[in-house]
Structure formats: C-alpha cells, structure tokens
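# here's my sequence, what's the structure:
(one chain, ligands or ions: 1)
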Amino acid sequence: MTADSKSKYVLTVSCPEANGIVRAVSDFLFERGATISEAAQHRDPVIDRFFMRVEFEEVDAHLPATDKLDEDFADIASQFLMKWNFFDLSRRPRLLLAVSRHGHCLNDILHRWSSGGLPAEVVGVVSNHEDMRGITEWYGLDYFHLPLTPETKSAQEDAMLDIVSSKQVDVLALARYMQILSPRMCEIMAGRTINIHHSFLPGFKGANPYRQAYMRGVKIIGATAHYVTTDLDEGPIIEQAVERIDHNFDIDELIQIGRDAECAAFARALKWHCEHRIIINGNKTVVFK
Ligand SMILES: Nc1nc2c(c(=O)[nH]1)N[C@@H](CN(C=O)c1ccc(C(=O)N[C@@H](CCC(=O)O)C(=O)O)cc1)CN2
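Just a heads-up that it's a prediction; the model follows:
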C-alpha cells in the first residue's frame, strides 16, 4: 500500500478542559496502529472547554471503519464528557449549492470543484430562478429549479429537503441564495448550511448590505461566511474577507469589489468544512486551518 493509498481519518473532539485528554486520544490511536499526521488543539478560556482535531492514517494494520472507531472510542469519550466525530477523508462530503440570480460565488465554487480545489462531491444546484441553469449544466450537474412565492415557501423547502435526502446531501452551500430559510429548515440543516453574506458582519445584516455600507460611508467592506441559523446573518462565523474602499466608489463599484471578498471567504469556509476543520463553539467557531 503506497503512502497515497493509505486511508486517512479525522477525529474532532470538544469537551470540558481536563488533564490527560491529548494522552488518551494519542494512546487510543497508537494502540490501533495509527500514525498522527496533523494535530491541533484549542482551549476556550471563557468557558474552559477544550477542542481538538487530529488527522491520522493507518501504518501497517488496517484501521477499523469509522463506526467501529466510534464504538471503541465511546468509553474514553464518556470519561471526558466528549462530543466527538470520526471522519473518513476518502469519503468526500456531498455538497448541494443554492443560488438565486447572482452567479459569481456559484461560478467560483464550481471552478474550484472542477479543478480539484474543493474536497467535496457537488451533487447539484438548486435555485428559485432559471438564471444559473446554463452554467450548472455546462458542468454536467443537475439543476433543480424551485420557484416560490410567500404562499408556497414551505412547499418549496419541502422540495429542497427531498433533494437533500435523495441526493444524500451532507452540506448545503448558499451561494448568494436570497431567501430566508424557515426555522424548520434551519433546525433540520443545523451545522451543515453555510451562507456567504455580502458584508463584514456583524455590520449590515439582511438585504442590500452594499447600499447600507455606501450610505454609512465605511472605508472597509467585506464578506462573511457563516453557518445558517434562524437568526438572520447571526450564525457562527467561519471566515471573513475585506477590501478597502473610499469616497470615490459608487454602490455598483462596491458590489464589484465586494464580489472578490465574497468568493474568497466562501471558498475557504467550504473547504475547511469539507476537511472537517471547523468545530462550532456556541455562537462562534474554532477553525483548525
Ligand atoms: N434563516 C436564515 N436564512 C438565511 C440566512 C440566515 O442567516 N438565516 N442568510 C441569508 C442570506 N442573506 C444574506 O446573506 C439574505 C437573504 C435574503 C434576505 C431577504 O430579505 N430575502 C427576502 C426575499 C428577497 C427576494 O425574494 O429577492 C425574504 O426571504 O423574504 C435577506 C438576507 C440566506 N438565508
């Protein structure tokens, strides 16, 4: 078995701070013939909580499947009151993109995916408009046109959830999808729906943030990739990017400049999510880059 063909795994852990956590995890992996290729940890001093991400691979012996690792790890997890997940990196997360009429983030993500820059299986694109069908089908992907009105919003979300189920979607990426998801949708998709908001949150939540920024006279605009929650644009922030502006720029120029920041923040956030580098910590995130 060559180095490249060895199975690689990730373990993420969060638990109350305690002595012996790192030793217990490393001993567990050592005893199963694994070698650690990357490890990082963080302690939140405010809530005294410990976070860890370990990337490991089999040496000689074949490591058990993740469900068996889960089973074997349960006693250690119980001892330290851990929340934990094992991931097999050979299984790339299945990603569904959602878009409305602005296609720059969709286009950027599809190019990165098609050129190997995003470790995900893109399974299709859903939209409440027809504008992005052409580029989607150019990439050979399914395009699900799900138009809606305020009266049909719930039925439209049911249709989207049917696609999530039938396509076995792991993560829903809102690439400038301009519809507010219902509390029901947010609950079902909690922790696996990522939005790119076109402002440097917490500034300028909601619709038309570039107009808000222009009218406020800010000197920096930005974009924020965050997990989606019922509270609009209040979800745990994953990544942000900014661009400098000044009085010479009009709103259309802010929109154009802001697009680069949106694409950069969104792409990094999705890649880190797909590499299992993010642990949600209340209304924040720990990102092991
Ligand atoms: N429950 C959530 N849904 C969404 C979130 C979120 O954080 N929580 N982020 C938004 C994205 N967004 C800004 O980034 C945003 C999208 C839409 C609106 C809005 O007012 N939409 C109107 C309809 C607009 C239209 O039809 O063109 C609405 O839904 O009533 C504000 C902000 C994605 N969803």
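# what sits against Ala65?
Ala65 sits next to Asp88 when contact means C-beta atoms under 8 Å, 6 or more residues apart in numbering. C-beta here means a position set from N, CA and C on the backbone, and glycine is covered the same way.
# now it. Its backbone dihedrals?
Dihedral pair for Ala65: phi -70, psi 160, per degrees, to the nearest 10.
# how far away is it from Ser90?
Computed with C-beta to C-beta, to the nearest Å, the distance linking Ala65 and Ser90 is 11 Å.
# do the same with Glu55
Following C-beta to C-beta, the distance that separates Glu55 from Ser90 is 13 Å.
# then Asp48?
To Ser90, Asp48 is 35 Å away according to C-beta to C-beta.
# what's the answer for Ser115, then?
Ser115 is 20 Å from Ser90, by C-beta to C-beta.
# again, but for Leu69
For Leu69, the distance to Ser90 - C-beta to C-beta - is 14 Å.
# please enumerate the helices of the stretch 101-250 of the chain.
With DSSP state H, counting those that start in this stretch as the criterion, the stretch 101-250 of the chain has helices at 104-114, 133-138, 153-166, 183-188, 209-216.
# pull stretch 35-44 out as PDB, backbone CA atoms only.
Once non-C-alpha atoms are left out, stretch 35-44 reads as follows in PDB (Å, rounded to 0.1, in the frame of the first residue of the first chain):
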ATOM      1  CA  THR A  35       0.100   7.400  12.900                       C
ATOM      2  CA  ILE A  36      -0.800  11.100  13.500                       C
ATOM      3  CA  SER A  37      -0.100  13.300  10.500                       C
ATOM      4  CA  GLU A  38      -1.700  16.600  11.900                       C
ATOM      5  CA  ALA A  39      -2.900  17.600  15.300                       C
ATOM      6  CA  ALA A  40      -4.200  20.900  16.800                       C
ATOM      7  CA  GLN A  41      -6.000  21.900  19.900                       C
ATOM      8  CA  HIS A  42      -7.500  25.000  21.500                       C
ATOM      9  CA  ARG A  43      -8.800  25.800  24.900                       C
ATOM     10  CA  ASP A  44     -11.500  28.400  25.300                       C
END
